[in-house]
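Engineer: give me a 3D structure for the following:
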Amino acid sequence: MDRLLRYFLGQFIRRGALTVTTASGAKITCGDRATQPVSVRFMTAAAERRVLLDPELSLGEAYMDGSFVVENGSIADALAILMDQPDMLPRWAKPQWFLRYLGRHLWQFNLRGRSRRNVAHHYDLDGRLYSLFLDADKQYSCAYFETPDATLDDAQLAKKRHLAAKLVVRPGQRVLDIGSGWGGLGLYLAEMTGADVTGVTLSTEQLQVSNARAAEKNLSQSARFLLQDYRDIPGPFDRIVSVGMFEHVGVDFYETYFRRCAELLTDDGVMVLHSIGRSTGPDVTSPWIEKYIFPGGYIPALSEVMPAIEKAGLLVCDMEILRLHYAETLKAWRERFMARREEAVRLYDERFARMWEFYLAASEMSFRKQNMMNFQLQLTKRQGVVPITRDYIGQEEARLRGLEQRARPRLQLAGE
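Structural biologist: Residues are numbered from 1 along each chain as shown. The predicted model follows:
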């Protein structure tokens, strides 16, 4: 087994330096050795075999059960090396990738019942878990770092402001928030723009928190949240926004999604879609992420999204690519989680805490090392709905920033 590990790791790891101690005690150092190596250890021969046979699934499982440990550095340091290689996937793992690619339509076939079960798997966890690492407003999506020294809370507020500016919302307009989370964006739009907001979610945990926050802020008349599938909500709406939800739709439902949005949108309406995306073309969901974190989830390539938009009769008026913003968001989440890790252990157990640690670290490195990104698409049904230059976005952000300053005490209390 030691010889196999030495050979395969030597073929794969070309950048960075990683020292692997095998279950038998042998040490294998791989990479260019230009930096201080990160040291890891396999505790069992069974873990070594599993990782060699199926590294994409089994490395995370081995870390979760304690049979793969990091002795010098952190799991984030180890994954930064493993996910920064010339070959994004070890050559010996490509047959498993091909089989998963063939079956991806099956795993992403998200009918209504399955969608609700998938959402409950992740979002109906104990709400105290998310409070360990999210900002005060519980924004669970990519933040927008306007400056390198922006705090997580500042960057999440900037994200809401940026989206609101692109929506060009006017007082009294009807806004649909698809995948409304814990209500932060919907409440922001209701309070800052005077819009009439309807948010839909499939998470009972998020629904309860959202409506409670609306009542706390005396916004229940202008911001309501429903436990409903986007395919079933009646319209019409002047504005539609969706943040961090499209990753749960599945490739076979992209046309359904955009056609329904087109049906719900008024003729002079505006939609903004914010989603994680791939810069490297169609792929498959990590089997570890699929099994433990986001069942039924998939991160799309733009080449998979644009045809569905075109078939729905929607026009792309603006597209923005956010590259390292999510890497910085995930770094902040990971650091905050690690600072309160013992609380996560008390909420669940040690294995769960290791799972969450691996999830946050692997996700960060996928953006930092493997060209994941976020895209924001502004869509309309006809020309001339939004201004012909992008100046209005900055102007609207400046106006909203002024409103936030006047409302700052209320915004802080609402996120507590």
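Engineer: residues in contact with stretch 43-56?
Structural biologist: 1, 4-5, 8, 22-24, 42, 58-59, 61-62, 66-69, 89-90, 92-93, 96-97, 286-288 (CB atoms under 8 Å, 6 or more residues apart in numbering). Heads up, the C-betas are built off the backbone N, CA and C, glycines and all.
Engineer: can you flag the buried ones in the residues you listed?
Structural biologist: 5, 8, 22-23, 42, 58-59, 61-62, 67-69, 90, 92-93, 96-97, 286-288 (16 or more other CB atoms under 10 Å).
Engineer: what's the first-to-last distance across stretch 72-89?
Structural biologist: Stretch 72-89 has an end-to-end distance of 24 Å (CA to CA, to the nearest Å).
Engineer: other residues contacting it?
Structural biologist: Contacts of stretch 72-89 (CB under 8 Å, 6+ apart): 12-19, 31, 37-40, 56, 59, 63, 70, 97, 280, 334, 357-358, 361-362, 364-366, 368-370.
Engineer: of those, grab the buried ones for PyMOL.
Structural biologist: Burial among the contacts of stretch 72-89 is assessed by 16+ other CB under 10 Å; the matching PyMOL selection reads:
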select buried, resi 12+13+16+17+18+19+31+37+38+39+40+56+59+63+70+97+334+357+358+361+362+364+365+366+368+369
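Engineer: keep only those of the contacts of stretch 72-89 that are in helices.
Structural biologist: If you go by DSSP state H, those have 12, 56, 59, 63, 97, 334, 357-358, 361-362, 364-366, 368-369 in helices.
Engineer: tell me which two of these sit farthest apart.
Structural biologist: Based on CB to CB, the longest span within the ones in helices among the contacts of stretch 72-89 runs between Trp97 and Arg334 and measures 26.2 Å.
Engineer: can I see the domain layout of this structure?
Structural biologist: 2-102, 112-414 (automatic domain parsing).
Engineer: in TSV: those domains, plus mean pLDDT.
Structural biologist: As requested, those are exported to TSV (pLDDT from 0 to 100):
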stretch	mean pLDDT
domain 2-102	87
domain 112-414	93
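Engineer: extract the C-alpha set from the helix or strand harbouring Leu9 and format it as PDB.
Structural biologist: For Leu9, the host element (DSSP states H and E) is helix 2-12. Output of helix 2-12 as PDB, limited to C-alpha atoms (Å, rounded to 0.1, in the frame of the first residue of the first chain):
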ATOM      1  CA  ASP A   2       2.900   2.400   0.800                       C
ATOM      2  CA  ARG A   3       4.300   1.900  -2.700                       C
ATOM      3  CA  LEU A   4       0.900   2.600  -4.300                       C
ATOM      4  CA  LEU A   5       0.400   5.800  -2.300                       C
ATOM      5  CA  ARG A   6       4.000   7.000  -3.100                       C
ATOM      6  CA  TYR A   7       3.400   6.400  -6.800                       C
ATOM      7  CA  PHE A   8       0.000   7.900  -7.100                       C
ATOM      8  CA  LEU A   9       0.600  10.900  -4.900                       C
ATOM      9  CA  GLY A  10       3.900  11.600  -6.600                       C
ATOM     10  CA  GLN A  11       2.000  11.600 -10.000                       C
ATOM     11  CA  PHE A  12      -0.700  14.000  -8.700                       C
END
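Engineer: how about residues contacting that helix?
Structural biologist: Contacts of helix 2-12 (CB under 8 Å, 6+ apart): 18, 20, 22, 24, 26, 28, 30, 48, 52, 85, 87, 90-92.
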